[in-house]
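Enquirer: Structure for this input, please:
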Amino acid sequence: MTKKIKRILLTAILLIASTILKAQTTTEEITSKFFTTFETSPQTAVDSVFGTNKWMIERNKDGIENVKTQLTSFLGLVGTYYGYEKITEKNIGKSYKLLSYMIKYDRQPMRFTFIFYKPKDKWQLQNFQFDDNLDDELEESGKIYRLKENLE
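Expert: Modelled structure (predicted):
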């Protein structure tokens, strides 16, 4: 091999290695990866997001499998997947964050709620939930007593 080819290969290897070894540093990176994977493999996406927290992987394998089973059952009822939209983001300090997303399907939307915790320098999933109660909350938010609260 020529010196130039060796240098190009070394640069490519270092670039790939740094990309692979770089931990996901933001919750947005974690959720973006989740939804990219979710399009083709919801179960792999769930494994990936739970994989950010070693405590869940080690101590809650049955719970993770239960989430995947329930989600798979639910997805069989809602039709074609069309994407997602962020609903809200809430923080407690700089190290505890809730992200909520509306997942768009033919039949109806779903909500995915992620709670992340950063004990030191890396975000990890603390809780993941999904539901289809968006219509109930939207109706509740439009009730007159809620409107009066917002006007005061």
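Enquirer: Next, the spatially most central residue of the chain: secondary structure please.
Expert: Using C-alpha atoms, centre = their mean, the residue of the chain that lies closest to the mean C-alpha position is Thr31, 3.5 Å off. Classification of Thr31 by DSSP: H, G, I helix; E, B strand; the rest coil places it in helix.
Enquirer: And Val46, how close does it get to Gln70?
Expert: 10 Å (C-beta to C-beta, to the nearest Å). Placement of C-beta: from N, CA and C, glycine included.
Enquirer: Tell me which of the two has more neighbours.
Expert: A count of neighbours by other C-beta atoms under 10 Å puts Val46 above the other of Val46 and Gln70, at 22 against 11.
Enquirer: so what's the backbone phi/psi at that one?
Expert: With angles defined as degrees, to the nearest 10, Val46 sits at phi -60, psi -50.
Enquirer: now Ile144
Expert: Main-chain dihedrals, Ile144, degrees, to the nearest 10: phi -60, psi -40.
Enquirer: Can you get me a residue count around it?
Expert: Ile144 - counted by other C-beta under 10 Å - has 7 other residues nearby.
Enquirer: How much space separates it from Val78?
Expert: As for Ile144, its distance to Val78 is 31 Å (criterion: C-beta to C-beta).
Enquirer: Gly63 now?
Expert: 23 Å.
Enquirer: which one of those two has more residues nearby?
Expert: Counted by other C-beta under 10 Å, Gly63 and Val78 do not tie: Val78 has more neighbours, with 16 against 11.
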